[in-house]
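Novice: Could you look at this predicted model? Sequence included:
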Amino acid sequence: MNINKLRTKIPGKFWVAVLSFTGLALLQAAAVPVTVQEVGIGANEIVQITSSTLGNQTVYAGTINLLVNGKATQGFCIDPFHWSIPGPQAYDAEPLGAGPKSPGGPMGAGTALKIEQLWAHFYSTGISSQNAAGLQIAIWDLVGGANFKLDSTPDYGAADMLAWVNSNPTAIAANLIAVTGPGQDYVIPNVPDGGTTVLLLGMGLASVFIMRSKFLTVASTK
């Protein structure tokens, strides 16, 4: 079908809406440079793990306090394969399914959805140390696969959390993203404290795309 003939039969506003949505989708799919700094450990338990890259280690399992472009937020590690690096670091904010770095990633959309569902169901402000540890271990299990193993007991409910998410494929999901960089990779809310939506920091570029799309659409329907 000739696309120009089709456009003459559909109002220009429809094409603006379609192209505007496409522009935002492309923007959200692209990595956005951010500065990430790990500033402390939140609720946690100490566990023993085996990582395909780090070997046998005793580590914190729980929430991580971060600064993302200077805004405080809390996240979890999605990368049991690399150590965190002190100080501000150049990272990329991107869709959760694009993290982490190998050998465990990228995790893909299916695993990302499960993490978002686990977060929505089990995470809350003031989460207990036991629940935070269980959620972190469950995330590591999902991301790490054969490259990760919990050596110590208990698992703080991680197995039960995984059983729940596997039994509830349509559960409500949180809006999360990955921040990936030279050190450990993290999962954080898409809207950190302070109201800045990390993946939409380039909204100015999206606005340019939308206005250009509108101009081209109007011109093509005349």
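Specialist: Nice, I can see it.

Novice: shaky segments in the chain?
Specialist: For the chain, the stretches with pLDDT under 70 are 1-29, 192-222.

Novice: And the helices in it, which stretches?
Specialist: Using DSSP state H, the helices found in the chain span residues 3-9, 12-29, 108-122, 129-144, 158-167, 203-220.

Novice: Could I get the buried residue list for the fourth one?
Specialist: Read it as helix 129-144. Within helix 129-144, the residues scored as buried using 16 or more other CB atoms under 10 Å are 129, 131-144. Heads up, the C-betas are built off the backbone N, CA and C, glycines and all.

Novice: Which residue is the nearest non-sequential neighbour of the residue most central in space within the chain?
Specialist: Ranked by distance to the mean C-alpha position of the chain (CA atoms, centre = their mean), the top residue is residue 177 at 2.1 Å. Excluding its sequence neighbours, the residue lying closest to residue 177 (CB to CB, 6 or more residues apart in numbering) is residue 190, at 5.0 Å.

Novice: Isn't the residue nearest to the centre of the chain up against residue 191?
Specialist: No - under the criterion of CB atoms under 8 Å, residue 177 is not in contact with residue 191, lying 9.5 Å apart.

Novice: so what's residue 42 up against?
Specialist: 62-65, 74, 132 (CB atoms under 8 Å, 6 or more residues apart in numbering).

Novice: Can you tell me which of those residues are buried?
Specialist: If you count burial by 16+ other CB under 10 Å, the buried members of the contacts of residue 42 come out as 62-64, 74, 132.

Novice: Looking at those, which is nearest residue 149?
Specialist: When those are compared for distance to residue 149 (CB to CB), residue 62 wins out at 18.3 Å.

Novice: Against residue 75, how distant is the closest one?
Specialist: Remark: distance between residue 62 and residue 75 (CB to CB, to the nearest Å) = 11 Å.

Novice: same thing with residue 82?
Specialist: Using CB to CB, residue 82 is found at 15 Å from residue 75.

Novice: More neighbours: which of these two?
Specialist: Taking other CB atoms under 10 Å, residue 82 and residue 75 do not tie; residue 75 has more neighbours (24 against 18).

Novice: Am I right that the more buried one is in contact with residue 187?
Specialist: Yes - with contact defined as CB under 8 Å, residue 75 and residue 187 form a contacting pair (5.4 Å).

Novice: Could you give the number of residues near residue 152?
Specialist: By other CB under 10 Å, 13 other residues sit near residue 152.
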